[in-house]
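>>> Requesting a structural model of the entry that follows:
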Amino acid sequence: MAKKKQKAQDPGIELLENPEALSDKLGQVEEYINDKKNRNVVFGVGGVIVLLVLAFVFYRYWSSSQNQEANTELTQAVFYFESDSLGKALNGDGNNYGFLDIISNYGSTDAGNLAYFYAGATYLRLGSFNDAVRYLGEFNSSDDLINARANSLIGDAKSELEDYRGAASSYQDAVSASSDNSELTPIYLMKLAVALEESNNLKGAKDAYAKVVDKYKKSTFYQDARKHKARLEGLLPQ
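Numbers count the residues shown, from 1 in each chain. Here you go, the predicted structure:
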């Protein structure tokens, strides 16, 4: 029977297990650093690393400070939004920033990201549908349900623009992001069905209604979904 070849020992393991090998390696390092030219290289690289660490720490501090400022400004803008003072919500009141100012000055922060959502929702309520699509499209969240809400609002804006295919695509994104939420998913499916029907995709609309009927029997949209599903079945070839 042939002998197994002995696996070559990892040099890293040798350094840990063999004190003499470790001593030799340290001696080589010391000799390298003692050379003036090499010492300059080592300390030059070390200086760059220190600068990078300091820059990172400063950026983290600056970013946190910026986000705190943006959150303070966002609170007042959201108050105006909820009070239906939409002009002040978007553009500020002369003392406090509106959503557009927050985006301009703090766009890279979490609060700035949220300002995109509110700006889009504000434009939707104002009837500026292209602006609504634009700003809502810039928003992104790690929370799937918030993303679903943003996609639904984009669908609403596209529906108002009579871009029903685009609206259906956005509503489908909302359905996917809502992950079978018993309250929200039926709403998005109903919107999806209407957009598909408006774009003359009757089978797709019927299938969307069918999902509400089959999966969300406790939904307040259940009866409407049944009615419209039956109506479309009557229109489609058997």
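
>>> Show me how the protein divides into domains.
Here the domain parsing of the chain from automatic domain parsing is 42-140, 143-238.

>>> so where is this protein shaky, pLDDT-wise?
By pLDDT under 70, the low-scoring segments of the chain are 1-66.

>>> Out of the domains of the chain, which one sits most buried?
Highest mean neighbour count among the domains of the chain (mean count of other CB atoms under 10 Å): domain 143-238, with a mean of 19. Placement of C-beta: from N, CA and C, glycine included.

>>> Centre of the chain to it, how far?
Centroid displacement of domain 143-238 relative to its chain, using CA atoms, centre = their mean, to the nearest Å, is 22 Å.

>>> Would you mind measuring the gap between the ends of it?
42 Å (CA to CA, to the nearest Å).

>>> Spit out the contact partners of the closest residue in space to residue 112 that isn't next to it in sequence.
Nearest non-adjacent residue to residue 112, counting by CB to CB, 6 or more residues apart in numbering: residue 106, 4.1 Å away. Counting by CB atoms under 8 Å, 6 or more residues apart in numbering, residue 106 touches 66-67, 69-70, 73, 112, 115.

>>> can you tell me how far residue 106 sits from residue 97?
For residue 106, the distance to residue 97 equals 9 Å [CB to CB, to the nearest Å].

>>> Residues that sit against both of these two, list them.
Residues touching both residue 106 and residue 97 by CB under 8 Å, 6+ apart: residue 73.

>>> Residue 221 is in contact with residue 187, correct?
Yes: with contacts counted by CB atoms under 8 Å, residue 187 reaches residue 221, the gap being 7.0 Å.

>>> so what does whichever strand or helix holds residue 155 touch, helix or strand wise?
In this assignment (DSSP states H and E), residue 155 forms part of helix 144-160. Helices and strands touching helix 144-160, by 3 or more CB pairs under 8 Å, 6 or more residues apart in numbering; DSSP states H and E, are helix 110-126, helix 129-138, helix 164-178, helix 184-198.

>>> out of everything not next to it in sequence, what's closest to residue 144?
Distance criterion CB to CB, 6+ apart; nearest residue to residue 144, sequence neighbours excluded, is residue 177 at 4.7 Å.

>>> Tell me how far stretch 99-107 lies from the chain's centre.
The answer for stretch 99-107 is 18 Å, by CA atoms, centre = their mean.

>>> Repeat that for stretch 124-134.
When C-alpha coordinates are averaged (CA atoms, centre = their mean), stretch 124-134 and its chain have centres 20 Å apart.

>>> May I have stretch 114-128 as PDB, with CA atoms only?
The C-alpha trace of stretch 114-128 is given here as PDB (Å, rounded to 0.1, in the frame of the first residue of the first chain):
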ATOM      1  CA  LEU A 114     -36.800  59.800   4.000                       C
ATOM      2  CA  ALA A 115     -37.300  63.400   2.800                       C
ATOM      3  CA  TYR A 116     -37.400  61.900  -0.800                       C
ATOM      4  CA  PHE A 117     -40.400  59.800   0.200                       C
ATOM      5  CA  TYR A 118     -42.200  62.700   1.800                       C
ATOM      6  CA  ALA A 119     -41.400  65.100  -1.100                       C
ATOM      7  CA  GLY A 120     -42.800  62.500  -3.500                       C
ATOM      8  CA  ALA A 121     -45.900  62.000  -1.400                       C
ATOM      9  CA  THR A 122     -46.400  65.800  -1.200                       C
ATOM     10  CA  TYR A 123     -46.100  66.200  -5.000                       C
ATOM     11  CA  LEU A 124     -48.700  63.400  -5.400                       C
ATOM     12  CA  ARG A 125     -51.100  65.300  -3.200                       C
ATOM     13  CA  LEU A 126     -50.400  68.500  -5.100                       C
ATOM     14  CA  GLY A 127     -51.100  66.800  -8.500                       C
ATOM     15  CA  SER A 128     -47.500  67.100  -9.700                       C
END
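
>>> Fine by me, thanks again.
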